[in-house]
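J.: Need coordinates for the below:
(one chain, ligands or ions: 1)
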Amino acid sequence: MKIKEIRHRAAPLQSSIRNAMIDFSQMTVSTVAIITDVLREGKPVIGYGFNSNGRYAPEGILADRIIPRLMAAKAEDLLTDEGDNFDPFKARQIMMKNEKPGGHGERSVAVGVIDMALWDLVAKIEGKPLYRVLGERFNGGRIDEKVAIYAAGGYYYPGQGLQQLKDEMKSYLDQGYTSVKMKIGGASLEEDRRRIEAVLEVVGRREDLAVDANGRFGLHEAIAYSEVIDEYGLRWFEEVGDPLDFLLNATISSVSQTPIATGENLFSMVDARNLLRYGGMNPNRDWLQFDPALSYGLVEFLQTLEMMKNYGWSPRRCIPHGGHQFALHIAAGLQLGGNESYPLVFQPYGGFGDTIAIENGLITPPQVPGIGFELKSELMKTFVTLGL
Ligand code: MG
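T.: Numbers count the residues shown, from 1 in each chain. Below is the predicted model:
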């Protein structure tokens, strides 16, 4: 059993949307295919991966360091001790050879892309959906058959008015979502207040609307927004300030009546631990959003979950960023609190398969071996077009 080839391509994530910090018109993602000599129904088993939105394709790191190290390894060094499957934990050691700790940069994204493809392979070779493999291996056989998802949208579009924003949110409810998230901080406080009120007219329940500032605010602006958001009793206030400004986060957390959510831009267990140590986060109220595809993959994410438990946090307090199927399987197999979803944006990478229905805000993970990319026809077409 061995890896024959690892292909990788940068792909554009063409999108005219923006949040409070960036626009996505130049955003790219790395896509990979790990081609093996394992055959199923006469065809080679291939594991696919990509990084979720918000970080550019780390093509140089993949091409210069991560993939050459894997391809230079002895075949058996990438396998379980029994030699019956690939071993993402061993692969992680090899990918990170000669890399200093800290300063994760885009390296964690490159490793995360490969880690996703390796877990796709592992589950395909076991012949099971990934969430079942994860439940068996890491969660005492327990799984969630359904995962709570929410629709992330409400970006700032060029020329968009309140009616379009309301129409967008209505379309999510029509698709079966019950909970939505919108951007704030990309307009004046008064305009954002009007946007929040417009969305609440559509959504109804205040606890079904979360707002996301994408790390935009300094302390004074954060406090001003916090007071307004508290008036509405919303679900959470996300990424208030710079993701690494733990003092600011702790300060806002102490004055906010609204739950705080953050973590999508923390890329290692150690960074996540610093948030819990110094960020003032409340394990009975707040939400953690670490994205396994951006932060060294599932191997690291398992360490992060262990760390969370040691700091008194339930895995149910974790709702990963990214809106991808990898995190959906992790949420189901490790019984997290739910998963993000981008019904409208970041296609074809976001979303969960052509025929997978959302009912009452809940979704069942794909029931085919692996992560289930094969059930998403536009994504598979894109992989083919890219030459994966
Ligand atoms: Mg966010």
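J.: can you pull the contacts of the closest residue to Glu168 other than its chain neighbours?
T.: Closest residue to Glu168 apart from its sequence neighbours, by C-beta to C-beta, 6 or more residues apart in numbering: Gly153 at 5.6 Å. For glycine as for every other residue, the C-beta is placed from the backbone atoms N, C-alpha and C. Listed by C-beta atoms under 8 Å, 6 or more residues apart in numbering, the contact partners of Gly153 are 168-169, 172, 180-182, 342-345.
J.: let's go with 7 Å and repeat that
T.: The contact partners of Gly153, taken as C-beta atoms under 7 Å, 6 or more residues apart in numbering, are 168, 172, 180, 182, 342, 344-345.
J.: could those residues go into TSV alongside distance to Asn274?
T.: Shown next, in TSV, are the contacts of Gly153 (distance: C-beta to C-beta, whole Å):
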residue	distance to Asn274
Glu168	35
Tyr172	34
Val180	30
Met182	28
Tyr342	28
Leu344	34
Val345	30
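J.: returning to that earlier point: for the residue nearest to Glu168, give me phi and psi.
T.: phi -160, psi -140 (degrees, to the nearest 10).
J.: Can you tell me how far it is from Leu344?
T.: According to C-beta to C-beta, to the nearest Å, Gly153 stands 5 Å off from Leu344.
J.: beta partners for Leu39?
T.: Judged by DSSP bridges, the bridge partners of Leu39 are Pro44.
J.: from the chain's centre, how far out does stretch 12-30 sit?
T.: The chain centre lies 16 Å from the centre of stretch 12-30; the measure is C-alpha atoms, centre = their mean, to the nearest Å.
J.: Pro343 versus the residue nearest to Glu168, what's the distance?
T.: Taken as C-beta to C-beta, the span from Gly153 to Pro343 is 7 Å.
J.: what residues do the two have in common as contacts?
T.: With C-beta under 7 Å, 6+ apart, Gly153 and Pro343 have common neighbours Tyr172.
J.: picking that back up, quick one: common contacting residues for Gly153 and Leu344?
T.: Between them, Gly153 and Leu344 share the contacting residues Glu168, judged by C-beta under 7 Å, 6+ apart.
J.: how many neighbours does Ala72 have?
T.: Neighbourhood size, Ala72 [other C-beta atoms under 10 Å]: 10.
J.: Relative to Ile61, how far out is it?
T.: 16 Å.
J.: Give me the distance between the residue nearest the centre of the chain and Glu340.
T.: With distances taken as C-alpha atoms, centre = their mean, Gly322 lies nearest the centre of the chain, 2.7 Å away. Per C-beta to C-beta, Gly322 is found 6 Å from Glu340.
J.: ok, now Asp120?
T.: Asp120 is 20 Å from Glu340, where distance means C-beta to C-beta.
J.: who has more neighbours, the two?
T.: Of the pair Asp120 and Glu340, Asp120 is the one with more neighbours under other C-beta under 10 Å, namely 28 against 23.
J.: Assign a three-state SS to the spatially closest residue to the more buried one that is not a sequence neighbour, would you?
T.: Residue nearest to Asp120 in three dimensions, not counting chain neighbours: Gly47, with 3.9 Å by C-beta to C-beta, 6+ apart. Counting by DSSP: H, G, I helix; E, B strand; the rest coil, the backbone at Gly47 sits in strand.
J.: the longest helix in the protein is where?
T.: If you go by DSSP state H, the chain has its longest helix at helix 107-126.
J.: elements contacting whichever helix or strand comes after it?
T.: Next in sequence after helix 107-126, counting helices and strands by DSSP states H and E, comes helix 130-138. Helix 130-138 sits against helix 107-126, helix 325-333, with contacts defined as 3 or more C-beta pairs under 7 Å, 6 or more residues apart in numbering; DSSP states H and E.
J.: buried stuff in helix 130-138?
T.: By 16 or more other C-beta atoms under 10 Å, the buried positions in helix 130-138 come out as 130-135, 138.
J.: quick one, strands of this structure?
T.: Assigned by DSSP state E, the strands in the chain fall at 3-12, 28-40, 43-50, 147-152, 180-183, 209-212, 237-238, 260-262, 287-288, 339-341, 362-363.
J.: between the ones you listed, which gets nearest to His220?
T.: Ranking the strands of the chain by proximity to His220 (C-beta to C-beta) places strand 237-238 first, at 15.6 Å.
J.: If we ignore the residues flanking it in sequence, what's nearest Asp208?
T.: Ser179 (4.5 Å).
J.: pLDDT score assigned to that neighbour?
T.: At Ser179, the model reports a pLDDT of 98.
J.: likewise Gln14?
T.: Reading off the confidence values, Gln14 has pLDDT 69.
J.: same check, this time on Leu276
T.: Looking at Leu276, its pLDDT stands at 98.
J.: Same question for Gly159.
T.: Looking at Gly159, its pLDDT stands at 84.
J.: Next, it: phi, psi?
T.: phi 70, psi 10.
J.: Spit out the contact partners of it.
T.: Contact analysis of Gly159 by C-beta under 7 Å, 6+ apart lists nothing.
J.: so how many other residues sit close to the spatially closest residue to Gly176 that is not a sequence neighbour?
T.: Spatial nearest neighbour of Gly176, excluding adjacent residues (C-beta to C-beta, 6+ apart): Ile358 at 3.4 Å. Using other C-beta under 10 Å, Ile358 has 18 neighbouring residues.
J.: Enumerate every residue touching Ile358.
T.: With C-beta under 7 Å, 6+ apart, Ile358 has these contacts: 149, 175-177.
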